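Enquirer: here is a sequence together with a model predicted from it:
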Amino acid sequence: MRGTESSSVLILGIGNPDRGDDGAGVWVAERLAERGAPAQVCRRDGFTLIEAWKGRQRVIVVDATVSGASPGTISCIDALRQDLPSEAFPVSTHGYGLVEAIAMARTLDRLPAELTVYGIEVASFAIGAPLSTPVQQACVELTQSLLETVGFR
């Protein structure tokens with residue numbers, strides 16, 4: 001999607017970098033922002049997601065998933081056409097996560113025109129642990145792909 005104005009696109013990385021692979025979305029968003037892509041970190045509960053994507057046409061969310069797939073597996077869901085499997089997206093420590101935020105935004109008619117969710121399958125949520133090797137590799141791969149998607153190199 002080259003030539004997209006950055007104000008119409010937003011990439012949100014959510015998670016907790018102090019809980020091992022739960023930091024995958026944060027890692028991706030930070031690397032994208034370093035390269036000048038329209039990305040930001042969202043470490044709070046799901047309510048902040050709705051506010052963050054306000055006024056954006058296209059939103060891409062990156063988060064950790066727990067679906068039983070191999071660690072580092074990347075999934076992609078068009079969240080406007082398909083419900084997110086609630087069991088695959090861990091709820092934030094506040095009890096209101098991505099799945100709940102999308103449902104609330106849908107009810108309030110506050111969804112962006114496009115909403116894509118990338119999940120990276122975790123190996124561990126160990127407190128204080130770094131990203132596992134397969135998740136780190138998936139983060140690098142997804143970062144490069146998203147840079148190309150939004151027209152950055």
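Expert: Cool, the structure landed. Residues are numbered from 1 along each chain as shown.

Enquirer: just the CA atoms of stretch 144-153, as PDB, please.
Expert: The C-alpha trace of stretch 144-153 is given here as PDB (Å, rounded to 0.1, in the frame of the first residue of the first chain):
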ATOM      1  CA  GLN A 144      10.100  -6.400   7.400                       C
ATOM      2  CA  SER A 145       6.800  -7.400   5.800                       C
ATOM      3  CA  LEU A 146       5.000  -4.500   7.500                       C
ATOM      4  CA  LEU A 147       7.600  -2.000   6.400                       C
ATOM      5  CA  GLU A 148       7.000  -3.000   2.800                       C
ATOM      6  CA  THR A 149       3.200  -3.000   3.300                       C
ATOM      7  CA  VAL A 150       3.100   0.600   4.500                       C
ATOM      8  CA  GLY A 151       5.700   1.700   2.000                       C
ATOM      9  CA  PHE A 152       8.900   2.000   4.100                       C
ATOM     10  CA  ARG A 153      12.100   0.200   3.500                       C
END
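
Enquirer: biggest helix in the chain by residues?
Expert: Longest helix in the chain by number of residues (criterion: DSSP state H): helix 133-149.

Enquirer: which other residues reach that helix?
Expert: 1, 11, 21, 24, 27-28, 31-32, 35, 37, 39, 60, 62, 64, 70-74, 118, 120-123, 130-131, 153 (CB atoms under 8 Å, 6 or more residues apart in numbering). Every C-beta, even on glycine, is put in place using the N, C-alpha and C of the backbone.

Enquirer: quick one: residues contacting residue 14.
Expert: Counting by CB under 8 Å, 6+ apart, residue 14 touches 25-26, 41-43, 49, 61-63, 98.

Enquirer: distance-wise, check it relative to residue 64.
Expert: Look at residue 14 and residue 64: by CB to CB, to the nearest Å, they are 8 Å apart.

Enquirer: show me what the residue minimising distance to the centre of the chain is bridged to.
Expert: Centrality entry for the chain: nearest residue to the mean C-alpha point is residue 62, 1.6 Å, by CA atoms, centre = their mean. Applying DSSP bridges to residue 62 yields these beta-bridge partners: residue 13, residue 118.

Enquirer: wait, doesn't it sit right on residue 23?
Expert: No: the pair residue 62 / residue 23 is not scored as a contact, 10.9 Å apart, by CB atoms under 8 Å.
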